[in-house]
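A.B. asks: Predicted model, plus sequence, below.
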Amino acid sequence: MRLLQHPSSPRRCGSGRAFRLIGLIGLAGLVAGPVGCASKGGSTGTSRNASGITELNLLTLPVALNLDSAPGADGIAVKIYASVNASPKPVAIRSGEIEILLFDGLLAKDTTRMPEPSRSWKLTAKELRPWEVTAMVGTGYQLTLRWDSFKPAQDRVTVVARMPLGEGRFLYSSPGVISCSSSN
């Protein structure tokens, strides 16, 4: 493949070293593995569930949403992606359930035990199906969740996705922080 050069750009683009360096950096990223928002097992150690899922990735909108006509935020939007070791792309969740946990404020980094969430949602694999989205990156779930009677006392909330593994063990995503400023 030949790259075209704009006529007004200078002729000297450097040698192919820059392209080789970019290629090596990309290759190093592939060898090192994905960098993302996930925890393999969290405080429960590395485990997998019956569906083979080994990693959860959670993406959040940076601000809470106003989902009704009343002033103020009353919900969140998240995307969840599940990974298995055998697939380079996120996969569909076909068994088990996902829990979304909402905490008022920021979670302390040094806690060994997860505090009680202010609000939580449980969705089975069957209940997740209507929110399934498939894109070039893989399969995920795009959820808009209303927090009903919960009113944040802090200016931020923390959201975590987890998948029960059985026997009191869970697979956790990394937390996402969402602003709840009054401008929503």
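C.D. replies: All right, it came through fine.
A.B. asks: what number of residues lie near the residue lying closest to Leu102 once chain neighbours are set aside?
C.D. replies: Counting by CB to CB, 6 or more residues apart in numbering, Leu102 lies nearest to Arg119, which is 4.2 Å off, once chain neighbours are set aside. (Each C-beta comes from the backbone N, C-alpha and C, glycine too.) For Arg119, the neighbour count with other CB atoms under 10 Å is 19.
A.B. asks: contacting residues around Arg119?
C.D. replies: Taking CB atoms under 8 Å, 6 or more residues apart in numbering, we find Arg119 in contact with Leu101, Leu102, Trp147, Asp148, Phe150.
A.B. asks: Quick check on these: which are buried?
C.D. replies: Among those, those classed as buried by 16 or more other CB atoms under 10 Å are Leu101, Leu102, Trp147.
A.B. asks: Let's have those residues in a markdown table, adding distance to Met114 and secondary structure.
C.D. replies: Listed next are these as a markdown table, based on distance: CB to CB, whole Å; DSSP: H, G, I helix; E, B strand; the rest coil:
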| residue | distance to Met114 | secondary structure |
| --- | --- | --- |
| Leu101 | 8 | strand |
| Leu102 | 12 | strand |
| Trp147 | 18 | coil |
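A.B. asks: between these, which is nearest Tyr141?
C.D. replies: Nearest to Tyr141 among the buried ones among the contacts of Arg119 is Leu101, at 15.5 Å by CB to CB.
A.B. asks: in the helix or strand that contains Val133, what's buried?
C.D. replies: In this structure, Val133 sits in strand 132-135 according to DSSP states H and E. Residues of strand 132-135 classed as buried by neighbour count (16+ other CB under 10 Å): none.
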